[in-house]
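Enquirer: I'll drop the sequence and a predicted model, then ask my questions.
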Amino acid sequence: MFNKPRERTEEIIPQSLSHPLTGVVFLMVLYLNRGGIKRWLNNIREACRDQMEVYHYRYEQDSDPRLANVAV
């Protein structure tokens, strides 16, 4: 009544090689895209640096907001 699916006798890529091949392809994509990854990391670093400069500048101007009312 139910037909069993036929097993493939010939595999294009053997099962034992599929995972290492995936890893090699992943590493190759990373290697070829290293310029874009460096640019992305530099943009993230610059954005974080800008945010920290604003943070430090804001707190240097008013180091202790509790004393602002006392001085006035």
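Expert: Happy to help now that I have it.
Enquirer: So which residues of the chain form helices?
Expert: Along the chain, counting by DSSP state H, helices occupy 15-32, 34-61, 68-71.
Enquirer: Could you dump those into a markdown table and include mean pLDDT and mean neighbour count?
Expert: For every residue, glycine as well, the C-beta is placed using N, CA and C. Below are the helices of the chain laid out as a markdown table (pLDDT from 0 to 100; neighbours: other Cβ atoms under 10 Å):
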| stretch | mean pLDDT | mean neighbour count |
| --- | --- | --- |
| helix 15-32 | 85 | 10 |
| helix 34-61 | 84 | 10 |
| helix 68-71 | 56 | 7 |
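Enquirer: Torsion angles phi and psi at residue 33?
Expert: phi -100, psi 20 (degrees, to the nearest 10).
Enquirer: Give me the pLDDT value at it.
Expert: pLDDT for residue 33: 94.
Enquirer: what separates it from residue 25, distance-wise?
Expert: Separation of residue 33 from residue 25 (Cβ to Cβ, to the nearest Å) stands at 12 Å.
Enquirer: next one: residue 38
Expert: According to Cβ to Cβ, residue 38 and residue 25 sit 21 Å apart.
Enquirer: same deal with residue 55?
Expert: Applying Cβ to Cβ, the value for residue 55 to residue 25 is 42 Å.
Enquirer: next one: residue 18
Expert: Residue 18 sits 11 Å away from residue 25, taking Cβ to Cβ as the criterion.
Enquirer: One more: residue 51?
Expert: For residue 51, the distance to residue 25 - Cβ to Cβ - is 36 Å.
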